[in-house]
Each structure stands twice: as C-alpha cells, then as structure tokens.
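Asks: Fold the following, please.
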Amino acid sequence: MYRFRPAPWLVSLNFCLLSAFVMAFAPPLTNPTDAAEKSPPHGANQVQLGDPRLTSGIPGEGPLTEVQIEAWTTDADNHTPLQFTLPLGLAAGKGAVRGLENNPLTRAKIELGRQLFFDKRLSSDHTISCASCHKPTHGYAAETRFGVGVDGQQGDVNSPVAYNRILSDLQFWDGRASSLEEQAKGPIANPIEMGNTHEKAVATVKGIDGYRRQFDAIYPQQGINIDTLAQSIASFERALVTAPTPYDYAEALKPYAAYEEEDFEELQEEAPEQYVQYQKLKAAAAAHPMSPSALRGRELFFSDKTNCTACHVGANLTDEKFHNIGVGMEATEPKTGRFAITNTAEHQGAFKTPTIRNVADTPPYMHDGSLTTLEEVVEHYVNGGISNPWLSKDVVKLKLTPQDKADLVEFMKACSGPLPTVETGRLPQ
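Replies: Below you'll find the model as predicted:
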C-alpha cells in the first residue's frame with residue numbers, strides 16, 4: 001500500500017514555520033514592569049517584534065527619572081539596529097517590510113517613540129496625543145465614528161488602526177502620506193486633531209530635559225526636529241504587531257494534514273527537533289482553536305463565492321491598495337478618497353483596504369465609520385455596496401445564507417491575536 005512521505009522541501013518549510021512559532025511563543029512577559037526590568041543581555045539585538053520588552057518602557061518603577069534615562073541612553077545595546085523576525089502569520093510578509101532603509105529600528109528609537117506617542121504635550125492645549133485616536137484599549141483605533149481632537153473637534157473619517165504598519169508604506173485612508181514618518185507629522189499640525197504647529201511641538205520637546213537627553217543620544221547630528229520626532233514615533237508604531245491567531249495556528253498545521261502515523265514516527269526519528277516543535281504547535285492550536293463556524297468561514301473567505309481575497313490578501317490580509325467599495329457614496333457630495341491625491345478617475349471614492357487582523361477589536365468600520373458591527377460589514381458586501389460609477393468590479397451582490405454570513409464573521413474573529421504589552425505612562429517630566 002502506498003504511504004505518504006513528505007517531500008524534503010515540505011519538511012524544511014515546516015521546520016522554518018515551526019521555528020518561527022517557537023520564537024513567537026516563548027513564555028510571554030505580561031507585566032510591563034517585570035518586562036522592563038528584564039533588560040536584554042549585552043549585544044542582544046535579535047528580537048521577535050511583539051516582544052513586550054520593546055514597548056514596556058525604560059526599566060524602573062514610578063515616575064521616569066533623569067538617572068534612569070541616563071542609564072538607558074548610555075547603553076550601546078539600545079542604539080544597535082535590531083535584527084528582528086515577525087510573529088507566525090505575519091512572518092510570511094517579511095518581504096513587505098517598509099521604511100527601515102532610512103530609519104533602522106533600535107530599542108532607543110522605539111522607546112522614544114513610545115513616549116511621544118502617549119505624550120499630550122505635543123498638542124496645542126496638552127489634551128490630545130497620538131493615543132487619543134489610536135487607543136491600546138481599542139486595538140489602536142478609536143471607538144468613535146470619527147476622530148476627536150482638540151476642543152472636542154470632530155473629523156470626518158474613522159481612525160485607522162496603528163498596528164502592523166511595518167508592512168505598509170502609504171498611510172491614511174487616501175494614502176496621502178508616503179511613509180509612517182510622513183504620517184506621524186500630519187496630526188500634530190492638523191487644526192482639528194492636535195491643533196499645533198511643528199515648530200511649537202518641537203519647541204515643547206526641546207524644553208524637556210529627558211527628551212533632550214534621548215534625542216542627543218539617538219540623533220547626535222540632527223537633534224530635535226520634526227523629522228527625528230516623526231522617525232521615533234514611526235519606530236514605535238512598527239513595533240506594534242499582532243501575535244499569532246487561531247487562524248495562523250490552523251494554517252501552520254495544514255501541511256501536516258496528510259501525514260499518517262508512520263510519517264510522524266519517521267519525522268520523530270529523522271528530525272526530532274522539528275517533531276518537538278510540531279507537538280508544541282499542535283498544542284497551541286488546540287489551546288486556540290477555530291470553531292467549526294470559523295473554519296467554514298475561512299473556506300468562504302478564500303473562495304470565489306465571496307471573492308474577499310480580491311482585496312484582503314497577503315500576510316496582513318490586505319492588499320494595501322485603494323478601492324471604491326460603495327461606502328458613503330449616497331451622500332450629496334461623497335468623499336473623493338484616493339482621487340484627491342492622484343486625480344485618477346478609477347480612484348474616485350476609493351479608500352485603502354484595512355487589515356482583517358484584529359478587526360473584531362476595532363469597530364466602527366469603513367473610512368466613514370458608518371458600519372458598527374462585522375455583521376453589518378458582511379451585509380454591505382452581500383448587497384453589493386452602494387452603486388456608483390466608480391464601484392470596484394470586484395464588489396457584486398453575493399448569494400449567501402444566514403449561516404454563511406455568520407461563518408464569515410466568526411472567521412474574522414478568529415483572525416485576532418494579542419498585541420504587545422505597552423507602557424502608556426512613564427514620560428519625561
């Protein structure tokens with residue numbers, strides 16, 4: 001009788017996937033203080049993004065002190081460019097990493113960016129920070145339909161998520177910022193967001209001793225300016241990545257689906273290290289299972305019946321492109337989206353494809369925040385969007401049963417994984 005034997009290339013591929021899994025799922029540090037106190041050993045510049053030690057603040061407790069900042073900035077390890085890997089699932093998108101040629105990641109930049117991200121002193125009245133619209137408690141988005149800035153002013157678009165941006169270059173719903181660095185500058189000077197000027201924000205940072213010390217150590221020639229400030233915030237945002245999800249575990253196990261008992265025995269004999277890693281992956285998948293509904297939803301999501309993957313593809317489940325999906329087009333003067341940037345007819349009413357990862361944590365949805373639940377999102381696509389001359393050819397009415405719709409929602413929920421533990425306080429005084 002024929003017995004399946006895994007090809008050598010498949011064994012090698014699975015070993016790589018499992019190695020990534022083991023790196024991603026070493027016992028996590030869940031307490032920010034504990035994580036911060038476990039400083040990396042000398043020369044330890046190899047890291048998995050998502051490691052809470054990158055985002056748990058300068059070691060210490062209580063208010064951040066000059067002594068702690070001095071010890072941090074004089075440690076050469078904190079200024080060494082990181083050699084990093086991405087978590088299981090996102091690791092498949094390594095080739096899509098953006099922005100590091102001109103702004104390599106270091107621990108010191110990530111930490112400085114963390115401080116600036118949560119510092120309300122960058123706004124004109126010291127009431128708004130980046131985190132005001134990109135809240136860690138709401139998946140680095142906001143629970144409001146539109147962003148809310150200084151003096152309670154309300155914008156006209158929903159706050160996009162700030163995680164997994166390391167796999168993205170064009171930012172904002174219309175892609176007007178060519179990089180995370182450029183994006184970081186925008187809200188500071190936007191009159192209805194942080195309501196400040198770049199000059200005043202830079203002057204504020206220059207007036208804080210703890211910031212001056214860090215900028216002098218990280219950017220000794222450039223010092224404090226809007227560009228170095230933006231580089232730091234961008235570095236912190238690139239460290240915000242989603243951990244593996246039930247979907248990722250299930251996908252990683254798929255290559256083993258055809259293995260028979262004899263194949264696992266052979267794997268145990270010939271590649272014992274890989275076999276041990278397989279067992280760990282199997283246990284993790286069992287601890288984070290996809291429900292039968294989510295599994296059916298996964299098949300629907302990747303099928304021609306729904307055509308979700310016309311836009312939601314790749315490691316981060318987004319093509320990072322712009323599409324008119326028939327949202328907000330019933331308005332008397334609908335938003336023009338990407339068209340305002342490119343003046344290309346096909347971009348009329350087109351907005352950037354958001355990621356499906358952790359989407360269950362970030363309602364409301366769409367660029368205008370008009371849909372409040374994932375069920376409403378699915379129904380929007382079932383109805384084929386709002387008809388308009390520029391509607392994407394991939395948005396058509398779908399024939400889905402109530403069970404199909406529920407299954408798609410469950411699949412999207414199964415695409416959620418933990419975000420890194422982040423210290424939101426401990427800023428320079």
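Asks: The stretch 1-150 of the chain: strands as residue ranges?
Replies: 46-48, 83-85 (DSSP state E, counting those that start in this stretch).
Asks: got these as JSON lines, with mean neighbour count and distance to residue 211 columns?
Replies: (Each C-beta comes from the backbone N, C-alpha and C, glycine too.) Below are these laid out as JSON lines (neighbours: other C-beta atoms under 10 Å; distance: least, C-beta to C-beta, whole Å):
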{"stretch": "strand 46-48", "mean neighbour count": "16", "distance to residue 211": "24"}
{"stretch": "strand 83-85", "mean neighbour count": "16", "distance to residue 211": "25"}
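Asks: out of these, nearest to residue 73?
Replies: Ranking the strands of the stretch 1-150 of the chain by distance to residue 73, with C-beta to C-beta as the measure, places strand 46-48 first at 19.1 Å.
Asks: Take the strands of the stretch 1-150 of the chain and lay them out in CSV including distance to residue 412.
Replies: Formatted as CSV, the strands of the stretch 1-150 of the chain follow (distance: least, C-beta to C-beta, whole Å):
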stretch, distance to residue 412
strand 46-48, 25
strand 83-85, 26
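Asks: which non-adjacent residue is nearest residue 150?
Replies: Spatial nearest neighbour of residue 150, chain neighbours left out: residue 195 (3.9 Å); criterion: C-beta to C-beta, 6 or more residues apart in numbering.
Asks: oh, I was asking about residue 298
Replies: residue 411 (4.9 Å).
Asks: distance between the helix or strand where that neighbour lies and the chain's centre?
Replies: Using DSSP states H and E, the element containing residue 411 is helix 402-413. Here helix 402-413 is found 23 Å from its chain centre; the criterion is C-alpha atoms, centre = their mean, to the nearest Å.
Asks: Show me what that helix packs onto, helices and strands only.
Replies: Helices and strands touching helix 402-413, by 3 or more C-beta pairs under 8 Å, 6 or more residues apart in numbering; DSSP states H and E, are helix 292-301, helix 374-382.
Asks: quick check: domain ranges of the chain?
Replies: When the chain is parsed with automatic domain parsing, its domains come out as 13-238, 296-413.
Asks: I'd like the ones you listed as JSON lines, with distance to residue 244 appended.
Replies: Shown next, in JSON lines, are those (distance: least, C-beta to C-beta, whole Å):
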{"stretch": "domain 13-238", "distance to residue 244": "4"}
{"stretch": "domain 296-413", "distance to residue 244": "10"}
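Asks: Worst mean pLDDT among those?
Replies: Per-stretch mean pLDDT for the domains of the chain is lowest at domain 13-238 (a mean of 89).
Asks: Might one say that residue 423 is in contact with residue 55?
Replies: Yes - counting by C-beta atoms under 8 Å, residue 423 touches residue 55, with 6.8 Å between them.
Asks: Now the common contact residues for these two.
Replies: Applying C-beta atoms under 8 Å, 6 or more residues apart in numbering, one finds that residue 423 and residue 55 are jointly contacted by residue 114.
Asks: Looking at these two, which is more packed in?
Replies: Neighbours of residue 423 and residue 55, each counted by other C-beta atoms under 10 Å, are more numerous for residue 55; the result is 27 against 20.
Asks: and the more buried one, how far is that from residue 179?
Replies: Using C-beta to C-beta, to the nearest Å, residue 55 is found at 21 Å from residue 179.
Asks: May I see the buried residues of stretch 65-72?
Replies: 68-69, 72 (16 or more other C-beta atoms under 10 Å).
Asks: want to try TSV for these, with distance to residue 263 as columns?
Replies: Formatted as TSV, the buried residues of stretch 65-72 follow (distance: C-beta to C-beta, whole Å):
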residue	distance to residue 263
68	54
69	55
72	50
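Asks: Got phi/psi on residue 370?
Replies: Here is the backbone geometry of residue 370 (degrees, to the nearest 10): phi -80, psi -10.
Asks: wait, what's in contact with it?
Replies: 145, 327-328, 364 are the contacts of residue 370 under C-beta under 8 Å, 6+ apart.
Asks: and of these, the nearest to residue 164?
Replies: Proximity of the contacts of residue 370 to residue 164 (C-beta to C-beta) peaks at residue 364, which lies at 19.4 Å.
Asks: quick one, phi psi at the closest residue to the closest one other than its chain neighbours?
Replies: Nearest residue to residue 364, sequence neighbours excluded (C-beta to C-beta, 6+ apart): residue 372, at 4.8 Å. Per-residue torsions, residue 372: phi -100, psi -20 (degrees, to the nearest 10).
Asks: on that earlier part again, which parts of the helix holding residue 411 are buried?
Replies: 404-413.
Asks: Over to stretch 416-428?
Replies: Per 16+ other C-beta under 10 Å, stretch 416-428 contains these buried residues: 416-417, 419-424, 426-428.
Asks: again, but for stretch 145-164
Replies: Residues of stretch 145-164 classed as buried by neighbour count (16+ other C-beta under 10 Å): 145-150, 155, 157-164.
Asks: can you check stretch 365-382 too?
Replies: For stretch 365-382, by 16+ other C-beta under 10 Å, it's 365-369, 371, 374, 377-378, 380-382.
Asks: and the gap between residue 188 and residue 311?
Replies: Counting by C-beta to C-beta - residue 188 and residue 311 are separated by 31 Å.
Asks: Next, count neighbours for residue 207.
Replies: For residue 207, using other C-beta under 10 Å, the count is 11.
Asks: I misspoke; the intended subject was residue 61.
Replies: Residue 61: 11 neighbours (other C-beta under 10 Å).
Asks: Check residue 89 too.
Replies: 27.
Asks: how far away is it from residue 149?
Replies: Residue 89 is 34 Å from residue 149, where distance means C-beta to C-beta.
Asks: what's in contact with the helix holding residue 411?
Replies: Looking at what lies outside helix 402-413 - C-beta under 8 Å, 6+ apart - the contacts are 247, 290-291, 293-298, 300-301, 306, 308, 356, 359-360, 374-375, 378-379, 382, 400.
Asks: Quick one, which of those residues are buried?
Replies: Buried among the contacts of helix 402-413 (16+ other C-beta under 10 Å): 247, 290, 293-298, 300-301, 306, 308, 356, 359-360, 374, 378, 382, 400.
Asks: so where do the helices sit in the stretch 101-250 of the chain?
Replies: 107-117, 130-133, 180-189, 198-206, 209-218, 226-238, 246-253 (DSSP state H, counting those that start in this stretch).
Asks: Among those helices, which comes closest to residue 341?
Replies: Per C-beta to C-beta, nearest to residue 341 of those: helix 180-189, 12.6 Å.
Asks: could you say what helices and strands that closest one packs with?
Replies: helix 130-133, helix 198-206, helix 226-238.
Asks: who touches the first one?
Replies: The contact list for helix 130-133 (C-beta under 8 Å, 6+ apart) reads 116-118, 120, 122, 141-142, 147-149, 159, 162, 184, 187, 193, 233, 424.
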